[in-house]
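A.B. asks: this one's structure only:
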């Protein structure tokens with residue numbers, strides 16, 4: 001052979017096929033060799049060669065004066081290469097094996113050396129292996145590898161783009177696993193995406209490569225990743241559709257399918273590593289793919305006839321991957337015309353995979369949105385139910401309290417009131433019998449009895465729910481004031497605007513306001529030296545305003561300390577009821593109580 005400038009594909013060599021894989025290298029020259037032209041190899045080797053040992057015989061010559069190194073590449077998807085150099089005494093010297101990584105084996109020739117070489121080749125157990133013996137010059141080796149990897153329609157660039165998209169989807173799934181309530185659903189999508197991403201990435205990296213890693217992937221790992229990914233897909237479908245609870249029949253079928261795939265994978269592993277039956281291995285692989293496609297089609301038909309949006313998402317994803325898988329299979333078996341993207345079957349599988357995962361994520365997002373809405377509605381219903389129960393409890397408690405108040409007021413009126421009235425009656429009879437010689441204590445008893453009766457009536461009035469209206473309160477204050485000032489010589493007037501609404505005033509607020517007014521009126525009698533008191537009730541600037549104005553001497557600064565505790569108590573009562581309270585001098589004393597209207 002003359003000097004190799006770049007690379008040279010060898011078209012002339014002798015070939016020996018050892019179908020039993022038992023020929024010793026020492027006797028190999030005694031076998032019947034045939035020129036390679038006797039075999040119509042075409043692009044791919046016959047399947048029968050896949051499990052055989054192939055021997056190639058070359059005569060190489062270095063026409064230069066200096067030593068020369070060249071690299072030998074036997075073809076595509078070659079598992080092992082061993083090169084033997086034939087010495088002068090017909091002995092064989094095996095060259096150091098450096099082809100295990102990528103299939104490229106260096107050969108060293110001294111200056112002007114002529115030598116014969118025997119190349120022993122074992123192919124990977126896969127379909128469509130290529131036997132294309134090539135010698136490459138060292139300075140061209142790296143460029144040759146790159147051109148071989150990227151050249152043609154089978155370029156892995158689309159595969160790398162697909163892997164990038166899958167990695168983004170996997171990252172999205174990880175983030176949703178952390179934050180979402182559907183953690184298992186996103187976990188199965190992540191595992192399925194990981195299996196498919198690893199399969200596509202290794203297929204792209206090892207495309208048209210030889211060596212142990214390439215052989216392991218093409219023989220075993222590629223199909224294994226496909227089956228494992230399908231198992232994760234099945235688990236996703238069960239989790240996504242909640243088949244265990246909603247579709248028990250489909251759940252049973254999916255479980256059976258999963259176990260069948262596991263058994264298939266175990267059987268496939270045994271065939272690959274413990275037998276040399278490539279035909280059975282290929283049959284298991286192809287039949288499994290056909291079986292998965294048929295099952296997917298049946299699911300599509302079932303799902304599309306089921307009026308359920310979540311099931312339709314699975315049907316659409318199945319339809320996408322099935323259509324793309326069928327196109328890829330037709331390209332693989334050369335049933336579609338070559339040209340453009342129809343030269344690379346993996347492109348359609350990758351398109352189908354991305355489409356399937358996109359539909360997955362849309363479906364899961366839709367389900368998650370519906371689950372979130374349902375959860376919010378459930379929480380709102382529980383909250384409303386709790387509020388209703390709490391309201392009922394509060395109503396029952398208030399009713400119980402009101403019943404107790406009614407009971408106490410009735411007993412006070414019937415028992416205590418009758419007793420006090422009897423005391424007042426007997427004290428009055430005693431006064432009448434004694435004439436002018438009335439004992440002061442008898443007078444005090446009569447006066448105290450009258451005061452107790454008035455106070456008791458006030459308490460009964462505040463406790464009765466029938467009086468919980470503003471108009472009723474105004475009427476009571478009018479009657480109370482008139483009665484209170486009747487013997488004091490003070491003119492008492494109460495004026496109410498016509499637009500005052502008859503709103504509800506609860507018993508506690510009514511009681512505190514009445515006690516405050518009672519204290520104010522008592523202070524007027526005791527300290528104001530007034531002859532007139534005017535009470536006004538009006539609405540102004542969204543406030544209900546009650547004013548009590550007397551024409552007395554007012555409250556001077558030195559008297560504030562004297563009445564400080566009483567005024568502080570009144571102000572505290574009003575603040576507890578969320579009412580504003582002020583006292584000022586204005587031609588007498590002006591007391592103002594304000595209540596902000598809703």
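C.D. replies: Done, it's in. Fair warning: this is a prediction, and the values are worked out from it, not measured in the lab. Numbers count the residues shown, from 1 in each chain.
A.B. asks: count of neighbours near the residue lying closest to residue 272 once chain neighbours are set aside?
C.D. replies: Using Cβ to Cβ, 6 or more residues apart in numbering and skipping residues adjacent in sequence, the residue nearest residue 272 is residue 220, 5.1 Å away. All C-beta atoms are positioned from the backbone trio N, CA, C, and that covers glycine. By the measure other Cβ atoms under 10 Å, the count of residues near residue 220 is 20.
A.B. asks: relative to residue 123, how far out is residue 220?
C.D. replies: Counting by Cβ to Cβ, to the nearest Å, the gap from residue 220 to residue 123 is 14 Å.
A.B. asks: likewise for residue 400?
C.D. replies: Separation of residue 400 from residue 123 (Cβ to Cβ) stands at 92 Å.
A.B. asks: of those two, who's got more company?
C.D. replies: More neighbours surround residue 123 than the other of residue 400 and residue 123, with 27 against 10 (other Cβ under 10 Å).
A.B. asks: what sits against that one?
C.D. replies: Contact partners of residue 123, counting by Cβ atoms under 8 Å, 6 or more residues apart in numbering, are 45, 49-50, 54, 77-79, 129.
A.B. asks: ditto for residue 217
C.D. replies: Contacts for residue 217 were tallied using Cβ under 8 Å, 6+ apart; they are 202-203, 206.
A.B. asks: cool, and residue 488?
C.D. replies: Taking Cβ under 8 Å, 6+ apart as the test, what residue 488 contacts is residue 525.
A.B. asks: just to be sure, it is in a strand?
C.D. replies: No - counting by DSSP: H, G, I helix; E, B strand; the rest coil, residue 488 is not found in a strand; it is coil.
A.B. asks: give me the pLDDT value at it.
C.D. replies: What the model reports for residue 488 is a pLDDT of 78.
A.B. asks: also residue 206?
C.D. replies: Residue 206 is given a pLDDT of 86.
A.B. asks: give me the nearest residue to it, chain neighbours excluded.
C.D. replies: Leaving aside its chain neighbours, residue 206 sits nearest to residue 214 (4.4 Å; criterion: Cβ to Cβ, 6+ apart).
A.B. asks: mind listing what's buried in the one helix or strand the one you found maps to?
C.D. replies: Residue 214 is part of helix 212-216, with elements assigned from DSSP states H and E. For helix 212-216, a neighbour-count test (16 or more other Cβ atoms under 10 Å) marks 213-216 as buried.
A.B. asks: go ahead and name everything in contact with that helix.
C.D. replies: 77-80, 100-103, 124, 206.
A.B. asks: tell me the gap between it and the middle of its chain.
C.D. replies: 40 Å (Cα atoms, centre = their mean, to the nearest Å).
A.B. asks: pLDDT weak spots in the stretch 101-250 of the chain?
C.D. replies: The model of the stretch 101-250 of the chain has pLDDT under 70 over residues 151-155.
A.B. asks: all strands for it, in order.
C.D. replies: Applying DSSP state E, counting those that start in this stretch to the stretch 101-250 of the chain gives strands spanning 104-109, 114-123, 130-136.
A.B. asks: ditto for the stretch 251-400 of the chain
C.D. replies: Shown for the stretch 251-400 of the chain, no strands are assigned by DSSP E, counting those that start in this stretch.
A.B. asks: run through it and note the low-pLDDT ranges.
C.D. replies: Residue ranges of the stretch 251-400 of the chain with pLDDT under 70: 332, 334, 336-344.
A.B. asks: of the strands of the stretch 101-250 of the chain, which is nearest residue 58?
C.D. replies: Closest approach to residue 58 among the strands of the stretch 101-250 of the chain (Cβ to Cβ): strand 114-123, 4.8 Å.
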